[in-house]
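**Q** What shape does this take:
(one chain, ligands or ions: 2)
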Amino acid sequence: MTLKIRVPATSANLGPGFDSLGIAVSSYLTVTVYGKAPKWKVDHKMGHAIPSDERNMIVATAIKTNPELEPQHIKVTSEIPLAHGLGSSSSALIAGVVMANEVGKMHLTNEQILQKAAEMEGHPDNVAPALYGDFVVSTMVDGDVSSIKLKFPDLTMVAYIPAYDLATADARNVLPAKFPFSEAVAAGSIGNVLVAALVAGDMKTAGKMIESDRYHETYREKLVPHLPILREIGHRTGAMATYLSGAGPTVMSFLPHDKVEEYIDLGKKAGLKDEYRILQIEREGVHVDR
Ligand SMILES: Nc1ncnc2c1ncn2[C@@H]1O[C@H](COP(=O)(O)OP(=O)(O)OP(=O)(O)O)[C@@H](O)[C@H]1O
Ligand SMILES: N[C@@H](CCO)C(=O)O
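**A** Ligands and ions are numbered 1, 2, ... in the order given. Just a heads-up that it's a prediction; the model follows:
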């Protein structure tokens, strides 16, 4: 019997929601499980750097979740670019935990799946919306994940996906090890107002808060010089907000639907000629076909 697991891409932070806020978006990782095999075999076209055996991240995650799991023959296809700020590693982690749960008949609850995936990733901002879909606000307190799923407004997104990779580890290395108390208070309160504005449907305030991050974007700007250019184009085209998606280099803009073409056009004229992907919010999250 074939099992199919589909996990959405995610976009974390939304500016001031560093390591906490994330949305699921309409690009997908799909894992097809064909059945038992003498040893783990992963069919994929993701390049030689991605292993095709038990060292593959999805398989390694499944084995870690359930060490008794029998080897399987699986196929992985993905629309999510690796190391680009669209949560590829989180989607792979959720796929691995869900595969272990399904194949190993573990009967894990969603809370347990999220806890395991967040422990492996180190923060819950991407794994939570990959699992639940839509918009998820989460945190880890003494290692325990708490998360709340909310409805994100129906907005059109344009992701500018530069051709170069930026590993999350490299983008975290430029962040300060310490942060003055007053800065932390200011940064946290901006995030609080963002969530409140989104819940209240106040898009003007939400947009202002998204673009007022103090945790990470300034430090990362040298790694993503296209961010201020696109933000400025966003201002000219009526964007609600533009932010660094996850650890970058992808930059996400929330735009009025009729301004998408103009935004892309101006971006290309500014010399930003890599991929523009129009995305919608994915409401459901991980989907399993048995
Ligand atoms: N489908 C997959 N199969 C195997 N390995 C994967 C898969 N997806 C991601 N990875 C591994 O995760 C790495 C990317 O993780 P990284 O945390 O650097 O970026 P990201 O998750 O794409 O971005 P961000 O966390 O900023 O949104 C890849 O280089 C690869 O090693
Ligand atoms: N919150 C994370 C997302 C990427 O894993 C970061 O910005 O580093």
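**Q** and the closest residue to ligand 1 within the stretch 151-290 of the chain, how many neighbours?
**A** Taking Cβ to the nearest ligand atom as the measure, the stretch 151-290 of the chain has residue 246 as its residue closest to ligand 1, at 2.9 Å. Using the backbone N, CA and C atoms, a C-beta is placed for each residue, glycine as well. Using other Cβ atoms under 10 Å, the number of residues around residue 246 comes to 28.
**Q** helix or strand for it, which one?
**A** For residue 246, there is no host helix or strand (DSSP states H and E).
**Q** Give me the pLDDT for it.
**A** If you check residue 246, the pLDDT there is 98.
**Q** Residue 278 now?
**A** 98.
**Q** Surely it forms part of a helix?
**A** No - with DSSP: H, G, I helix; E, B strand; the rest coil as the criterion, residue 278 is strand rather than part of a helix.
**Q** give me the beta-bridge partners of it?
**A** In this entry, residue 278 is beta-bridged to residue 158, by DSSP bridges.
**Q** just checking, it touches residue 155?
**A** No - counting by Cβ atoms under 8 Å, residue 278 stays clear of residue 155, with 11.4 Å between them.
**Q** more crowded one of the two?
**A** The neighbour count for residue 278 versus residue 155, taken as other Cβ under 10 Å, is higher for residue 155 (19 against 14).
**Q** Identify the residues contacting the residue of the chain most remote from its centre.
**A** Using Cα atoms, centre = their mean, the residue of the chain lying farthest from its centre is residue 38. It sits 33.6 Å away. Neighbour list for residue 38: residue 71 [criterion: Cβ atoms under 8 Å, 6 or more residues apart in numbering].
**Q** Any figure for the gap between it and residue 52?
**A** Distance, residue 38 to residue 52, by Cβ to Cβ, to the nearest Å: 14 Å.
**Q** domain ranges for this protein?
**A** Following automatic domain parsing, one finds the domains of the chain at 3-151+282-289, 156-279.
**Q** Surely residue 131 touches residue 288?
**A** No - shown here, residue 131 and residue 288 do not form a contact pair, counting by Cβ under 8 Å, at 11.4 Å.
**Q** So which of the two has more stuff around it?
**A** Comparing residue 131 with residue 288 by other Cβ under 10 Å, the one with more neighbours is residue 131, at 29 against 14.
**Q** So the more buried one lies in a helix, does it not?
**A** Yes - judged by three-state DSSP, residue 131 forms part of a helix.
**Q** and the gap between it and residue 231?
**A** Taking Cβ to Cβ, one finds residue 131 at 30 Å from residue 231.
**Q** next one: stretch 3-17 to chain centre, how far?
**A** 3 Å (Cα atoms, centre = their mean, to the nearest Å).
**Q** er, stretch 151-167 I mean
**A** Per Cα atoms, centre = their mean, the centroid offset for stretch 151-167 relative to its chain is 9 Å.
**Q** is that stretch anywhere near ligand 2?
**A** No - using Cβ under 6 Å from any ligand atom, stretch 151-167 stays clear of ligand 2, with a minimum separation of 9.8 Å.
**Q** Just name whatever secondary elements the top helix by length along the chain is in contact with.
**A** In the chain, with assignment by DSSP state H, the single longest helix is helix 181-200. Applying 3 or more Cβ pairs under 8 Å, 6 or more residues apart in numbering; DSSP states H and E, we find helix 181-200 packed against strand 17-36, strand 144-150, helix 203-210.
**Q** Only alpha carbons, please: show the longest one as CSV.
**A** Okay, so that is strand 17-36. Extracted C-alpha coordinates of strand 17-36, given in CSV (Å, rounded to 0.1, in the frame of the first residue of the first chain):
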residue,chain,number,x,y,z
GLY,A,17,8.4,37.2,15.3
PHE,A,18,11.9,35.7,15.4
ASP,A,19,11.9,31.9,16.1
SER,A,20,8.2,32.2,16.9
LEU,A,21,5.9,33.2,14.0
GLY,A,22,5.4,31.3,10.8
ILE,A,23,3.0,30.8,8.0
ALA,A,24,2.5,27.8,5.7
VAL,A,25,2.7,28.7,2.0
SER,A,26,1.6,27.0,-1.3
SER,A,27,4.8,25.1,-2.3
TYR,A,28,5.2,21.5,-1.3
LEU,A,29,7.5,18.6,-0.3
THR,A,30,6.0,15.2,-1.2
VAL,A,31,7.2,11.9,0.2
THR,A,32,5.8,8.7,-1.4
VAL,A,33,6.4,5.6,0.7
TYR,A,34,6.2,2.4,-1.6
GLY,A,35,6.8,-0.1,1.2
LYS,A,36,9.4,-2.3,2.9
